[in-house]
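*Asks:* Got a sequence here, can you model it:
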Amino acid sequence: MNQLIHSICRSAGLGVVLTGAAFAVHAETLNFSGYPGTIGANMNKAFIETFDKGTTVKYVESWDSARFTRMQANRAHPKEDVVTFTDLTLPLVAAAGLLDPLNAKEIPELADIDPAVLAKGNTGVAYGYGCQGILYNAKYVKKPITSWSDLLRDDLKGHVSAPNVAYSMVFNVLDALARTQGGSIENPQKGMELYRQIRTSGPGLWDSENIAVGWLKTGEIWVTPYHSGNALTLATDPDLKDLRFVAPKEGAYYAPLLLAKVKNGPDGGKVADKFINHALSVPSQEMYAQLNHLRPANTKAKVPADAEAACPTASKLNKIDVDYMNQNRSKIIDQWNQVVNR
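*Replies:* Residues are numbered from 1 along each chain as shown. Presented below is the predicted three-dimensional model:
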């Protein structure tokens, strides 16, 4: 038997390379575009390093907008087999005709996936999810946070922040604040007025989570909307041991990351199906959920205790009308600039 020294690229920001095993000459290659940083590193650990050792996985790091732009530019000759997107961007990618629906015959693990985490038309599937609620520092906040309206409480004034309009979570928070006044993302005026109060009474709005974390550590802010998985990870920091995450009584918001299969991808779809099936398997799901303090998509996978306590199941979480939001994004941002930033 011919012995082939075959290098398996395992790059998710950590650049892991495995060599020295014997493989068949027709070894397969999977081109996977995912996120950089901690998300990518944990995908590497849970999905890529545990995948078929006879497959070369080429991992390309990028964020949603860059990945979507590259896919559009290469639609005649796609470069990726599998991609990952947020629930806000995935519908745009699907509408552009760049994805193949997931087929349960080729991906048998779909049978055990919570239907609530499947994208419309089976164009993608969550590989883990958390929720967007409120993070607060109990060292300073003596009366627990229970409601989205608590972001405007008098005893917290000057110490509250929230994501800015460039951060995707902003649309969920805007919807939540608007609903406290009888509105929604479709009628956001009242929510924007509350958002302006938050912006002008404290240090301002944050454009990245690094800014929010810095303000939390210094005590400049005590409260901010945040993602459950990221909040639970932060709470392991000795400097932030008093952090508490809450799903408000009006409901927290569904916050998944999804895998999708590229239409006419380089491998013809077979390895893409195999990889997505592997990522949805119980061992992979449990590892990824544990690493990220998230709920797994597979209903047979064990849910980390902290994630279970922090975040309801997907069907019980609030969801904005993503199609409406995408169709009216420019209008919403224009109104934001007129109201929140005036």
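*Asks:* contacts for the longest helix seen in the chain?
*Replies:* Determined from DSSP state H, the single longest helix within the chain is helix 189-201. Contacting residues not belonging to helix 189-201 are listed as 151-152, 157-158, 160-162, 173-183, 205, 335-336, 339-342 [Cβ atoms under 8 Å, 6 or more residues apart in numbering]. Backbone N, C-alpha and C define where each C-beta goes, glycine included.
*Asks:* Mind checking which of those are buried?
*Replies:* In the contacts of helix 189-201, burial by neighbour count holds for 151-152, 160-162, 173-180, 183, 205, 336, 339-340, counting by 16 or more other Cβ atoms under 10 Å.
*Asks:* so where is the protein shaky, pLDDT-wise?
*Replies:* Along the chain, the model assigns pLDDT under 70 to residues 1-26.
*Asks:* Break down it into its helices, ranges please.
*Replies:* Listed in chain order, the helices of the chain (DSSP H) span 37-43, 64-73, 90-95, 170-179, 189-201, 209-218, 228-234, 270-279, 282-292, 305-310, 322-327, 329-339.
*Asks:* Let's have the ones you listed in CSV, adding distance to V141.
*Replies:* What follows is the helices of the chain, written out as CSV (distance: least, Cβ to Cβ, whole Å):
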stretch, distance to V141
helix 37-43, 27
helix 64-73, 33
helix 90-95, 35
helix 170-179, 18
helix 189-201, 15
helix 209-218, 12
helix 228-234, 14
helix 270-279, 38
helix 282-292, 26
helix 305-310, 17
helix 322-327, 31
helix 329-339, 27
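*Asks:* between the ones you listed, which gets nearest to Y140?
*Replies:* Ranking these by proximity to Y140 (Cβ to Cβ) places helix 209-218 first, at 10.1 Å.
*Asks:* tell me which strands and helices that closest one is in contact with?
*Replies:* In this structure, helix 209-218 makes packing contacts with strand 223-227, helix 228-234, judged by 3 or more Cβ pairs under 8 Å, 6 or more residues apart in numbering; DSSP states H and E.
*Asks:* Need the contact partners of the shortest one.
*Replies:* This points to strand 223-227. Residues from elsewhere that reach strand 223-227, judged by Cβ under 8 Å, 6+ apart: 130-137, 141, 145, 150-151, 156, 159-163, 169, 172-173, 176, 206, 209, 212, 215-216, 245, 255.
*Asks:* Can you tell me the centre-most residue of this protein?
*Replies:* Taking Cα atoms, centre = their mean, the centroid of the chain lies closest to L257, which sits 3.8 Å from it.
*Asks:* how close does the closest residue to that residue other than its chain neighbours get to E220?
*Replies:* Among residues not flanking L257 along the chain, T84 sits closest, at 5.8 Å (Cβ to Cβ, 6 or more residues apart in numbering). According to Cβ to Cβ, to the nearest Å, T84 stands 33 Å off from E220.
*Asks:* Could you pull out the buried residues of the longest helix of the chain?
*Replies:* By neighbour count with 16+ other Cβ under 10 Å, helix 189-201 contains the buried residues K190, G191, M192, L194, Y195, Q197, I198, R199.
*Asks:* circling back: of the helices and strands packed on helix 209-218, which approaches N42 most closely?
*Replies:* With Cβ to Cβ as the measure, helix 228-234 is the member of those nearest N42 (10.2 Å).
*Asks:* Show me what the closest one is packed up against.
*Replies:* Other helices and strands packing on helix 228-234, by 3+ Cβ pairs under 8 Å, 6+ apart, are strand 125-137, helix 209-218, strand 243-246, helix 305-310.
*Asks:* cutoff 7 Å now
*Replies:* Here helix 228-234 touches strand 125-137, strand 243-246, helix 305-310, going by 3 or more Cβ pairs under 7 Å, 6 or more residues apart in numbering; DSSP states H and E.
*Asks:* Show residues contacting that helix.
*Replies:* 130-131, 133, 135, 209, 213, 240, 243, 245, 292-294, 306-307, 310-311 (Cβ atoms under 7 Å, 6 or more residues apart in numbering).
*Asks:* Phi and psi next, for the closest residue to N264 other than its chain neighbours.
*Replies:* Take N264 and drop its neighbours on the chain: the residue closest to it by Cβ to Cβ, 6+ apart is P78, 5.5 Å away. Backbone torsions for P78, taken as degrees, to the nearest 10, come to phi -60, psi 140.
*Asks:* And P78, how far from V57?
*Replies:* Distance of P78 to V57, computed by Cβ to Cβ: 17 Å.
*Asks:* These two: which is more packed in?
*Replies:* Taking P78 and V57 together and counting by other Cβ atoms under 10 Å, V57 has the greater number of neighbours (24 against 17).
*Asks:* For N337, the count of nearby residues, please.
*Replies:* By the other Cβ under 10 Å criterion, the neighbourhood of N337 contains 12 residues.
*Asks:* if I look at it, how far off is A46?
*Replies:* Taken as Cβ to Cβ, the spacing of N337 relative to A46 amounts to 40 Å.
*Asks:* residues near I107, how many?
*Replies:* The local packing count at I107 equals 23, with neighbours defined by other Cβ under 10 Å.
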